[in-house]
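# Quick one, fold the following:
(one chain, ligands or ions: 2)
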Amino acid sequence: MTRPNDKSAIRQDVLSRRDALSEADRARMSAAMAEHPLPFLDELGEGPVSGFWPIRSEVDPRPLMRRLAQLGAGLCLPVVRETGLEFRAYAFGDLLDKAGFGLSEPPQTAPEARPRVMLAPMAAFDRFGDRVGYGKGHYDRAIERMLADGKPLTIVGLAFSLQEVERVPAEAHDRRLDWILTEREVIRPSHL
Ligand SMILES: Nc1nc2c(c(=O)[nH]1)N(C=O)[C@@H](CNc1ccc(C(=O)N[C@@H](CCC(=O)O)C(=O)O)cc1)CN2
Ligand SMILES: Nc1ncnc2c1ncn2[C@@H]1O[C@H](COP(=O)(O)OP(=O)(O)OP(=O)(O)O)[C@@H](O)[C@H]1O
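Ligands and ions are numbered 1, 2, ... in the order given. Purely as a prediction, here's the structure:
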């Protein structure tokens with residue numbers, strides 16, 4: 001049996017571990033994460049990559065986003081709306097709006113985008129490809145909505161290796177990750 005509380009206990013535990021990292025360590029590990037051979041390069045020609053603008057002690061996906069942009073990928077970022085997450089185009093240098101929780105988001109004038117590859121923030125993850133987010137179900141619902149158009153979506157979870165747990169109590173609505181990137185490795189989840 002999986003109760004929602006299992007996830008919040010894991011979230012709290014792992015986030016306090018992540019908060020204990022120094023800013024210098026986070027920067028070093030975020031840079032290392034961008035240096036791996038990337039298994040989803042073929043998909044880059046098919047549509048934009050959604051990144052995110054880091055908050056608090058999150059992994060910083062921007063070194064990886066820069067590399068992807070240099071490889072020719074278009075980028076987009078999430079925007080929180082009443083109706084759920086929306087993705088809007090972003091290029092380095094564009095201005096972002098400040099939003100709640102320390103978020104930075106593209107303005108409503110930026111064109112809407114449907115990512116082909118999604119870099120997903122995670123509070124915790126396991127090797128089976130299950131993730132825990134901030135508990136709002138934003139990403140779970142956005143993934144559901146995107147897949148409804150029948151087109152492919154490659155979901156890549158990003159986190160520091162110390163955010164790995166033995167097993168996330170996954171629920172029916174959770175979509176598994178295709179890849180996981182940490183500062184140490186590229187993980188192909190074993191979908192058991
Ligand atoms: N960088 C980044 N951008 C993102 C997300 C994310 O996880 N990371 N999101 C992913 O969905 C969406 C924003 N969702 C968020 C939902 C809740 C909180 C938040 O901080 N909530 C509570 C509790 C957090 C906690 O457990 O520590 C709070 O601050 O009180 C932040 C972002 C879209 N953009
Ligand atoms: N596809 C979905 N459709 C409807 N409700 C959903 C869906 N996905 C998640 N939810 C609801 O959202 C809430 C949070 O879900 P969950 O605990 O899985 O969030 P999370 O994985 O931590 O967050 P996130 O996906 O935002 O990173 C739950 O109450 C869940 O029922």
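
# in this structure, what residue is nearest ligand 2?
Gly133 (1.5 Å; C-beta to the nearest ligand atom). No exception for glycine: its C-beta is placed from N, CA and C like everyone else's.

# for the longest helix anywhere in the chain, which positions count as buried?
When the chain is parsed with DSSP state H, its longest helix is helix 4-19. Going by neighbour count (16 or more other C-beta atoms under 10 Å), the buried part of helix 4-19 is 7, 10-11, 14-15, 18.

# and if you look at stretch 166-178?
168-170, 174-175, 177-178.

# Contacts for it, please.
By C-beta atoms under 8 Å, 6 or more residues apart in numbering, the list of residues contacting stretch 166-178 from outside reads 2-3, 6-7, 10, 40, 120, 124-126, 128-132, 137, 140, 143-144, 147, 154-157, 189, 191.

# Which ones among these lie within strands?
Among the contacts of stretch 166-178, DSSP state E puts 120, 124-125, 131-132, 154-157 in strands.

# Just give me the closest of those residues to His36.
Val156 (11.0 Å; C-beta to C-beta).

# Look up the closest residue to the closest one, ignoring the ones flanking it.
Trp179 (4.6 Å; C-beta to C-beta, 6 or more residues apart in numbering).

# tell me which helix or strand of the chain sits lowest on mean pLDDT?
helix 4-19 (a mean of 92; mean pLDDT, DSSP states H and E).

# how about the buried residues of helix 4-19, which pair is most distant?
Largest separation among these by C-beta to C-beta: Lys7 and Arg18, giving 15.8 Å.

# hang on, the earlier thing: sort out which of the contacts of stretch 166-178 are buried, if you could.
The neighbour count (16+ other C-beta under 10 Å) marks 7, 10, 40, 120, 124-126, 129-132, 140, 143, 154-157, 189 as buried among these.

# ok, the closest residue to Leu153 other than its chain neighbours - how many residues close by?
Spatial nearest neighbour of Leu153, chain neighbours left out: Met146 (5.3 Å); criterion: C-beta to C-beta, 6+ apart. Met146 has 20 neighbours, counted by other C-beta atoms under 10 Å.
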